[in-house]
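Q: build the 3D model from these lines:
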Amino acid sequence: MKKEGDDPSASEVEAARQEGWIEVLSPANEPLLRLLKQNLGDGEAEVIALALEHQASLVLIDQSEARRVAELFALPKTGVIGLLIRAKKEGKIESLQNELDKLRDQAGFWIDERLYWQALRAVGEGREADERCCHSC
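A: Residues are numbered from 1 along each chain as shown. Predicted coordinates for the structure are as follows:
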């Protein structure tokens with residue numbers, strides 16, 4: 001876990017941990033973890049190792065190589081965009097496009113243009129979005 005000075009959201013994560021709705025775990029299977037770390041970053045490797053150890057029903061992971069490895073282990077996965085699509089469908093957010101734009105513009109999160117428009121169409125925001133599209137996608 002990042003230290004508080006490393007990431008502005010670290011204090012929020014720490015508060016959530018102290019309130020008991022986030023539990024910080026470390027993988028027990030060290031040989032698997034070492035193997036995964038050969039091709040993945042520490043965080044992605046730990047997520048996959050923990051998902052396997054705990055038979056996770058869903059893994060939240062965005063990095064493309066980590067998603068490919070999760071597929072090799074038949075782990076069900078989604079990413080931030082998948083969570084936002086679900087939040088929009090459940091009425092928890094008003095506009096998927098606004099949230100995707102915040103991810104790109106404020107958080108520096110890279111989103112492929114085709115995926116961006118596909119996600120918007122999936123929640124019925126595609127028509128408006130297609131009208132604003134510069135047709136480069």
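Q: which outside residues touch stretch 34-46?
A: Residues outside stretch 34-46 that contact it (CB atoms under 8 Å, 6 or more residues apart in numbering) are 26-27, 33, 48-49, 61, 63, 65-66, 69. C-beta here means a position set from N, CA and C on the backbone, and glycine is covered the same way.
Q: narrow these to those that are buried.
A: 27, 33, 48-49, 61, 66, 69 (16 or more other CB atoms under 10 Å).
Q: what is the neighbour count of residue 87?
A: Counted by other CB atoms under 10 Å, the residues lying close to residue 87 total 15.
Q: how's the chain carved up into domains?
A: Split into domains by automatic domain parsing, the chain comes to 10-78, 84-132.
Q: turn the ones you listed into TSV, including mean pLDDT.
A: Shown next, in TSV, are these (pLDDT from 0 to 100):
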stretch	mean pLDDT
domain 10-78	92
domain 84-132	87
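Q: just confirm residue 66 contacts residue 47, I think it does.
A: Yes. Residue 66 is within contact range of residue 47, at 7.2 Å (criterion: CB atoms under 8 Å).
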